[in-house]
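Visitor: missing the sequence, but the structure's below:
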């Protein structure tokens, strides 16, 4: 018998994958046929991807209806049907305003806000962030939030990354920017936004994260992205 394929390997539709140590488990969706295989009693089943015309994991959305709406947040109920499962109503959180965040960088340091979040009852470092107003360009909103929250006006705003922070329950799209070439406006930052604002060395970010001092999800993601993917990509360009 042919040895079982490695974990994560790809197989073509209609090809039966030999099973080592366990009975076959067959699944079929259109012409995409695959089975799981085991690698012994300890590891159990490993997933084998299938190359087929249909996406085995794509849910069917039959309709949607609002459950709650306000100027700040909305909750909708989607009538969904996962593959091989019964239909049910899935809660979806929507935000009427686009969300933006900005990594303010000067040399090897970044400007962060130390603030308390009442919802989670936690303190932590965060990047400047907020919502875009109706009709406002995202880059303009990012620059405005930096100025309002830090008292610094950036002359240069560049896109960093766009992502879905809550893709399992929300349509929220978060767009992050890099701000440089700052000028102090002399205005005091909004005291409702932060307790203090400090330039933090980028090399200190991993230690702050390990100590639980960067608990805000978008801030943690943007800082990690900048120090990792963005820095490596920039170095190879």
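Guide: Looks like it arrived, so ask away. The shown structure was predicted, so the numbers you read here are calculated from the model rather than taken from an experiment.
Visitor: what does the longest helix along the chain contact?
Guide: The longest helix of the chain (DSSP state H) is helix 138-150. Contact with helix 138-150 is made by 98, 100-102, 104, 111, 113, 128-133, 136, 152-154, 157, 159, 175, 177, 179, 185, 187, 189-190, 193-194, 197, as judged by Cβ atoms under 8 Å, 6 or more residues apart in numbering. Every C-beta, even on glycine, is put in place using the N, C-alpha and C of the backbone.
Visitor: same check on stretch 178-187?
Guide: Outside stretch 178-187, the residues that touch it by Cβ under 8 Å, 6+ apart are 102-106, 111, 142-143, 146-147, 151-160, 226.
Visitor: among those residues, which ones are in helices?
Guide: The members of these that map onto helices under DSSP H are 142, 143, 146, 147.
Visitor: need the buried ones from the contacts of stretch 178-187 selected in PyMOL.
Guide: Buried subset of the contacts of stretch 178-187, written as a PyMOL selection, criterion 16 or more other Cβ atoms under 10 Å:
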select buried, resi 102+103+104+105+111+142+143+146+147+151+152+153+154+157+160+226
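Visitor: of the contacts of stretch 178-187, which belong to strands?
Guide: Using DSSP state E, 102-106, 111, 152-160 are the members of the contacts of stretch 178-187 that sit in strands.
Visitor: and which of those residues is nearest residue 71?
Guide: residue 102 (23.4 Å; Cβ to Cβ).
Visitor: ok, the closest one to residue 74 distance?
Guide: For residue 102, the distance to residue 74 (Cβ to Cβ, to the nearest Å) stands at 25 Å.
Visitor: partners of the closest residue to residue 195 other than its chain neighbours in the sheet?
Guide: Residue nearest to residue 195 in three dimensions, not counting chain neighbours: residue 114, with 5.2 Å by Cβ to Cβ, 6 or more residues apart in numbering. Beta-bridge partners for residue 114, by DSSP bridges, are residue 125, residue 196.
Visitor: touching, residue 114 and residue 193? I think so.
Guide: No - the criterion here is Cβ atoms under 8 Å, and residue 114 misses it with residue 193 at 10.4 Å.
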